[in-house]
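In: Starting from these lines, generate the structure:
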Amino acid sequence: MTVLGIDDTDSRTAGMCSTYLAALVAEAIEDAGDAVHRRLLVRLNPAVEHKTRGNAALALHTDARPEDALAIAGDLVGTYAVDTDPRTSPGVVVADCDPADVPDRVATFAREAVREFHDLDEALALADEVGFDHRGWGADGGDDTRVAAAGDDVGDADDTARAAAANEDAGGVTGRGRIGALAAVGAWRAFDDWTYEHISYREYDRCGTPREVDEVSVFAAADEAYPLAWDTVDRGEREAVCVPNAPGPILHGIRGDDPDAVRSVADGIDGEPVERSALFVTNQGTDVHLREGTLGDLRDGGAYRVDGEVAAAPETRRGGHVFFEVAARDGDDAEGETTDPAAVDCVAFEPTKRFRDRVRDLRIGDRLTLCGEVADGTLKLEKFAVRDLVETEPAVPTCPGCGRSMESAGADQGYRCRDCGTSEPGKVAEPVDRGLEPGWYEVPPCARRHISKPLVRGGFDAPTHPER
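Out: Numbering: from 1, shown residues only. Okay, here's the model as predicted:
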């Protein structure tokens with residue numbers, strides 16, 4: 001079998017879509033008489049600087065010969081990839097092996113591509129070492145094609161890396177997309193949690209015009225298939241989140257855990273003509289980008305699952321963003337001396353909408369597990385779990401005789417009722433109503449990252465409060 005990886009053919013501003021190009025390549029391979037067994041959509045590290053939009057890389061698992069697959073992909077990339085965007089730098093990698101048998105180093109590269117950062121030199125060196133053919137295009141139209149043989153020495157890989165670096169210095173990166181393409185080649189072996197997305201594409205000459213989709217039919221189809229198909233709509237915001245706003249060829253994309261369910265939702269949506277459609281197996285909705293973290297040891301560009309205690313009350317700042325501080329619980333060091341707890345600022349941005357109300361309900365002392373990406377030292381929340389809630393607050397005691405609030409008896413002398421003579425040594429713990437319960441809370445579908453796992457998928461370690 002052959003594994004063909006494709007990446008970085010679209011643009012943040014000029015449209016196009018790597019999934020569309022992968023669908024065209026798959027059709028061309030099938031038209032040439034070979035089978036395509038699987039279309040893979042792999043979301044990589046969402047914090048990568050050079051990503052286009054969703055940082056997706058694609059892989060096709062096919063019976064085509066590697067050289068034929070590379071030639072077909074090369075022709076279509078040259079025709080459809082956006083070459084007017086300086087951030088776009090397409091790359092293709094082809095492997096002559098079963099997707100489950102890619103080398104260990106390539107599977108490791110794929111896992112790291114979701115949580116870490118790779119550079120082009122590293123990707124080219126690894127592709128050459130394992131004998132994968134590859135081709136890259138620069139934003140300036142430059143072409144870097146390499147047919148690698150297993151056993152190429154490191155010097156050859158270094159030559160390729162130096163050539164790519166020289167092209168970048170000259171102003172046009174050649175084939176940076178080979179980083180994602182190589183990761184897509186290794187993804188099937190690297191990951192074991194997969195979901196589905198059924199993507200319907202517009203007639204190509206409609207790209208850039210407003211999409212014509214009947215939202216009533218979208219909500220009806222979404223209700224019919226939920227929870228097997230999820231994040232199709234946002235009921236709270238009354239938004240069809242499956243319909244993108246970007247100027248590309250996608251009409252709508254339906255995500256879920258069941259291929260028949262996502263197809264049925266797509267079939268139930270009324271609107272403009274669908275030119276073609278494709279079913280992708282994907283790591284979307286899996287939380288595979290998250291790693292276990294510890295406060296005081298979080299790095300920018302990483303996404304973490306971390307425990308902490310609310311140390312500063314939530315504050316709504318300009319723009320509607322809600323910030324609060326989380327700290328590790330106070331502890332003692334090895335010598336028994338008190339240590340200052342590590343802390344991090346957390347934020348629920350305005351686009352997370354009603355999720356911010358959940359954050360505003362937090363109180364100092366609440367114990368949480370938080371998930372999100374760290375940027376500029378701040379944890380951008382995707383979801384959190386309430387582990388332990390503060391259920392009481394200090395209050396002036398009430399006189400049991402007359403029911404009035406007691407008054408201070410003086411500094412450090414507690415409280416007393418002047419009428420009844422009753423007293424209390426200090427404030428008492430009074431129950432407080434909380435808008436939260438123990439368990440997991442998440443951003444709504446309209447704010448969900450592609451790779452973040454919706455609570456409705458299950459498998460969480462506490463009760464869940466899914467957003468629909």
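
In: And the pLDDT at Ala139?
Out: Ala139 carries a pLDDT value of 55.

In: just Thr398 next, same as before
Out: Value listed for Thr398 in the pLDDT field: 89.

In: can you pull the contacts of the residue nearest to it when sequence neighbours are not counted?
Out: Distance criterion C-beta to C-beta, 6 or more residues apart in numbering; nearest residue to Thr398, sequence neighbours excluded, is Ser405 at 5.9 Å. For every residue, glycine as well, the C-beta is placed using N, CA and C. The contact partners of Ser405, taken as C-beta atoms under 8 Å, 6 or more residues apart in numbering, are 396-399.

In: Tell me the secondary structure of the residue nearest the centre of the chain, please.
Out: The residue lying closest to the centre of the chain (C-alpha atoms, centre = their mean) is Ile451, at 3.2 Å. Assigned with DSSP: H, G, I helix; E, B strand; the rest coil, Ile451 falls in the coil class.

In: So it is in contact with Val288, correct?
Out: Yes: with contact defined as C-beta atoms under 8 Å, Ile451 reaches Val288; the gap is 6.6 Å.

In: can you list residues touching both of the two?
Out: By C-beta under 8 Å, 6+ apart, the residues touching both Ile451 and Val288 are Val114.

In: Just give the number of residues close to Pro425.
Out: Residues lying near Pro425 (other C-beta atoms under 10 Å) number 11.

In: Excluding chain neighbours, give the residue nearest to the residue nearest to the centre of the chain in space.
Out: Counting by C-beta to C-beta, 6+ apart, the nearest residue to Ile451 once its immediate chain neighbours are dropped is Arg43, at 4.3 Å.

In: what does Leu70 give?
Out: Val94 (4.7 Å).

In: I'd like to know which elements the helix or strand hosting the one you found is packed against.
Out: For Val94, the host element (DSSP states H and E) is strand 91-95. Contacts defined by 3 or more C-beta pairs under 8 Å, 6 or more residues apart in numbering; DSSP states H and E place strand 91-95 against strand 2-7, helix 66-80, strand 133-137, helix 178-190.

In: what comes into contact with it?
Out: If you take C-beta under 8 Å, 6+ apart as the criterion, strand 91-95 is touched by 2-8, 66-67, 69-70, 73-74, 77, 102, 106, 127, 130, 132-137, 175-182, 184-185.

In: please redo it, this time with the cut-off set to 7 Å
Out: Strand 91-95 is contacted from outside by 2-8, 66, 69-70, 73-74, 77, 102, 127, 132-136, 175-178, 181-182, 185, using C-beta atoms under 7 Å, 6 or more residues apart in numbering.

In: Could you name the helices and strands sitting against the helix or strand that contains Ser277?
Out: Assigned by DSSP H and E, Ser277 belongs to strand 274-282. Contact here means 3 or more C-beta pairs under 7 Å, 6 or more residues apart in numbering; DSSP states H and E; on that basis strand 274-282 packs against helix 18-31, strand 36-43, strand 195-202, helix 259-267.

In: and Pro466, which of these is closest to it?
Out: strand 195-202 (15.5 Å; C-beta to C-beta).

In: Can you tell me the strand partners of the closest one and which way each runs?
Out: If you go by DSSP bridges, strand 195-202 pairs up with strand 250-256 (antiparallel), strand 274-282 (antiparallel).

In: a markdown table for the helices and strands packed on strand 91-95, including mean neighbour count and distance to Gly410?
Out: Output for those, formatted as a markdown table (neighbours: other C-beta atoms under 10 Å; distance: least, C-beta to C-beta, whole Å):
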| stretch | mean neighbour count | distance to Gly410 |
| --- | --- | --- |
| strand 2-7 | 30 | 73 |
| helix 66-80 | 19 | 81 |
| strand 133-137 | 26 | 79 |
| helix 178-190 | 30 | 68 |
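
In: Would you format the ones you listed as a markdown table with distance to Tyr201 included?
Out: A markdown table is the format used below for the helices and strands packed on strand 91-95 (distance: least, C-beta to C-beta, whole Å):
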| stretch | distance to Tyr201 |
| --- | --- |
| strand 2-7 | 16 |
| helix 66-80 | 12 |
| strand 133-137 | 22 |
| helix 178-190 | 20 |
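
In: Quick check, pLDDT for Thr339.
Out: For Thr339, the model assigns a pLDDT of 51.

In: Over to the one 10 residues further on?
Out: The per-residue pLDDT reported for Phe349 equals 97.

In: what residues are up against it?
Out: Counting by C-beta under 7 Å, 6+ apart, Phe349 has contacts 321, 380.

In: What separation is there between it and Val359?
Out: Phe349 sits 10 Å away from Val359, going by C-beta to C-beta, to the nearest Å.

In: do the same with Val218
Out: From Val218 across to Val359, the span is 29 Å (C-beta to C-beta).

In: go on, Ser277?
Out: Relative to Val359, and taking C-beta to C-beta, Ser277 is found at 38 Å.

In: now swap in Pro103 and tell me
Out: Taken as C-beta to C-beta, the span from Pro103 to Val359 is 44 Å.

In: Please say which of those two ends up with more neighbours.
Out: Set side by side, Pro103 and Val359 show more neighbours around Val359, with 22 against 19, by other C-beta under 10 Å.

In: can I have stretch 236-245 written out in CSV, keeping just the CAs?
Out: Taking Å, rounded to 0.1, in the frame of the first residue of the first chain, the C-alpha atoms of stretch 236-245 are listed here in CSV:
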residue,chain,number,x,y,z
GLY,A,236,-27.5,28.6,22.4
GLU,A,237,-26.2,30.9,19.8
ARG,A,238,-28.6,29.7,17.1
GLU,A,239,-25.6,29.2,14.7
ALA,A,240,-25.0,26.5,12.1
VAL,A,241,-21.3,26.0,13.0
CYS,A,242,-20.9,23.3,10.4
VAL,A,243,-21.1,26.0,7.7
PRO,A,244,-17.8,27.9,7.5
ASN,A,245,-17.3,31.6,6.9
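
In: List the buried residues in that stretch.
Out: 239-244 (16 or more other C-beta atoms under 10 Å).

In: Least confident of the residues you listed?
Out: In terms of pLDDT, the lowest of these is Pro244, showing 93.

In: Give me the three-state assignment for it.
Out: Under three-state DSSP, Pro244 falls in the coil class.

In: My read is that it contacts Ile250, right?
Out: Yes: with contact defined as C-beta atoms under 7 Å, Pro244 counts as touching Ile250 (5.4 Å).

In: looking only at pLDDT, what's the mean for the longest strand anywhere in the chain?
Out: For the chain, the strand that runs over the most residues, judged by DSSP state E, is strand 303-316. Across strand 303-316, pLDDT averages out at 97.

In: which other residues reach that strand?
Out: Contact with strand 303-316 is made by 115, 289-295, 298, 322-329, 343, 359-360, 362-374, as judged by C-beta under 7 Å, 6+ apart.

In: Mind pulling the model confidence for Arg12?
Out: On the pLDDT scale, Arg12 is placed at 59.

In: scratch that, Ala343 is what I was asking about
Out: Each residue has a pLDDT score; the one for Ala343 is 94.

In: Equivalent analysis for Leu124, please.
Out: The model's pLDDT for Leu124 equals 96.
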